[in-house]
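**Q** Next comes the sequence, and after it the predicted model I'd like to discuss.
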Amino acid sequence: MKTRSILCLIMITAIITLSALPISAAGKKGEQEHSMVYVKTTMGNFTIELFDDKAPITVENFLNYVDKKFYNGTIFHRVISSFMVQGGGFTKEMIQKPSGAPIKNEATNGVKNLEYTVAMARTGAIDSATNQFFINVANSSFLDHQDMTHLNDKEATRKMFGYCVFGKVTEGMDVIDKIKLVKTTTKGAYEDVPVKPIIIKSITRILPEEE
């Protein structure tokens, strides 16, 4: 009888410990480890988790554009089915919106350009990202930061510095899968432009649950 009581106590302790693990991982009610945003588009909606801890400068910059409703009415203007979908900079008339100042490239944060991750687009200059972002639709390790200690060539250094990943799509991946398969064309100087504009209706913050 005594042995059975001890076994019951051990089992109860184990259940309490296991039950507590998700609470610890997710945080207390009303708290949110990472910032989250909800993206509404003409092809469906999806959720992005932002890596505030890994890319603080990039996330703050992105959220500044979100809070200003900058992305509302912009499009995914570049779609390559085996690579990525890029948006956040052009209207459906293919007019580029004026951006803010460029930010520091945080590609050294160790986060990889894997499928459904979100990264900053940039020019050939390392610290040139502003408002445009892209969603990887494949694992693209060639976009990750590379070891450059042996390089003397500036052009190679710019390419190998990488593209900063600052979030990932956590819900609505099927929407990304639909977007990547749309028919594209060339419009003026721009290639891989969707024939039918994919409009970002809005990007808004998802606030933590209230107590």
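**A** Right, received. Where do you want to start? Numbering: from 1, shown residues only.
**Q** Nearest residue to the middle of the chain?
**A** V118 (2.5 Å; C-alpha atoms, centre = their mean).
**Q** separation between that residue and T185?
**A** Plainly put, V118 is 25 Å away from T185 if you go by C-beta to C-beta, to the nearest Å. In short, each C-beta sits where N, CA and C put it, glycine included.
**Q** Follow the chain on from whichever strand or helix holds the residue nearest to the centre of the chain and name the next helix or strand.
**A** Element membership for V118, per DSSP states H and E: strand 117-120. Following strand 117-120 in sequence order, the next helix or strand is strand 133-136 (DSSP H and E).
**Q** T108 - that's part of a strand, no?
**A** No. Using DSSP: H, G, I helix; E, B strand; the rest coil, the secondary structure at T108 is helix, not a strand.
**Q** Tell me, how many residues neighbour it?
**A** 12 (other C-beta atoms under 10 Å).
**Q** Can you read off the pLDDT for it?
**A** We have a pLDDT of 95 for T108.
**Q** same question, L7
**A** 40.
**Q** which residues in this structure form helices?
**A** 2-26, 56-67, 154-161, 173-179 (DSSP state H).
**Q** Show me what counts as buried in the last one.
**A** So the one you mean is helix 173-179. M173, V175, I176, I179 (16 or more other C-beta atoms under 10 Å).
**Q** now swap in stretch 92-102 and tell me
**A** Quick answer for stretch 92-102 (16+ other C-beta under 10 Å): K97, P102.
**Q** repeat for stretch 53-64
**A** Using 16+ other C-beta under 10 Å as the test for burial, stretch 53-64 gives K54, A55, T58, V59, N61, F62, L63.
**Q** and the buried residues of helix 173-179 as a markdown table, adding distance to Y38 and pLDDT?
**A** A markdown table is the format used below for these (distance: C-beta to C-beta, whole Å; pLDDT from 0 to 100):
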| residue | distance to Y38 | pLDDT |
| --- | --- | --- |
| M173 | 14 | 98 |
| V175 | 12 | 98 |
| I176 | 14 | 98 |
| I179 | 16 | 98 |
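**Q** Thanks a lot, see you next time.
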